[in-house]
Structures are given as C-alpha cells and as structure tokens.
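S.K.: with the sequence up front, the predicted model follows.
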Amino acid sequence: MIEVDTTFNTNNLRLPLTIVTGISNTGDSFPVAFSFLPSESKVSFDFIFENLKEIVWQEFPPPRVVIGDQAKGLIASLPDSMPGSIGQFCEWHAFENIKK
C-alpha cells in the first residue's frame with residue numbers, strides 16, 4: 001500500500017510537494033518518491049505514477065491500495081494509472097472535510 005500526500009508552500013516557487021510513502025505488510029513505512037508538481041491535476045499524478053511504474057514497479061508488483069486525500073486529480077488518475085489498485089481516502093483528510 002502507498003500513501004500519497006501533497007504539501008503546499010514548501011519552496012520559494014510555491015510548488016506543491018507530493019510525497020509518496022510505502023507501508024509494508026508489517027506496518028513499517030518507507031519513502032518511495034518526492035516530487036514538486038505544478039498542480040494537483042490528473043496530469044501531475046499521472047506523471048508520478050508512470051515514473052514509478054518505470055523505476056520501481058518494473059520489478060515488483062504495484063500497490064493494491066492507494067491512500068490519499070480527496071484531490072480531484074488523484075481520484076481521476078487512479079483508474080488509468082493504477083488499474084487494479086483500490087483508492088481509499090485518508091482518514092485525517094476525510095475528517096477535515098467533514099468539519100468544513
């Protein structure tokens with residue numbers, strides 16, 4: 001499983017920093033990828049997932065579960081870029097949206 005999260009205002013260009021963290025079946029986490037993106041668009045998430053396919057998942061199977069926020073670009077990218085993976089919303093992001 002992987003978790004995808006984007007943080008804003010991390011550099012002087014104000015580009016969002018997207019962090020992909022892997023979580024093993026023993027509960028250990030490990031960094032998978034860090035990428036500055038122009039936006040949280042579908043094209044941006046497609047870029048991340050396509051590169052991970054070439055670099056990481058060429059030898060290993062892709063994750064079965066992708067946890068992320070409710071970014072429209074991430075939701076739109078998953079069926080095309082990660083077929084066979086299940087998208088789930090991060091509990092913290094879902095709670096924050098409910099509070100709004």
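M.R.: Cool, got the structure. What you are looking at is a predicted structure, and each value in this text was computed from that prediction instead of being measured.
S.K.: now the end-to-end length of stretch 19-32.
M.R.: Using C-alpha to C-alpha, to the nearest Å, the end-to-end distance of stretch 19-32 comes out at 8 Å.
S.K.: that one: which residues count as buried?
M.R.: Of all the residues in stretch 19-32, those buried under the rule 16 or more other C-beta atoms under 10 Å are 20-21, 23, 32. (Each C-beta comes from the backbone N, C-alpha and C, glycine too.)
S.K.: which of those residues fall within strands?
M.R.: Among those, the ones falling in strands (DSSP state E) are 20-21, 23, 32.
S.K.: report the two of those separated the most.
M.R.: Spanning the widest gap among those are Val20 and Ile23, at 10.8 Å by C-beta to C-beta.
S.K.: what sits in contact with each of the two?
M.R.: Shared contacts of Val20 and Ile23 (C-beta atoms under 8 Å, 6 or more residues apart in numbering): 2-3.
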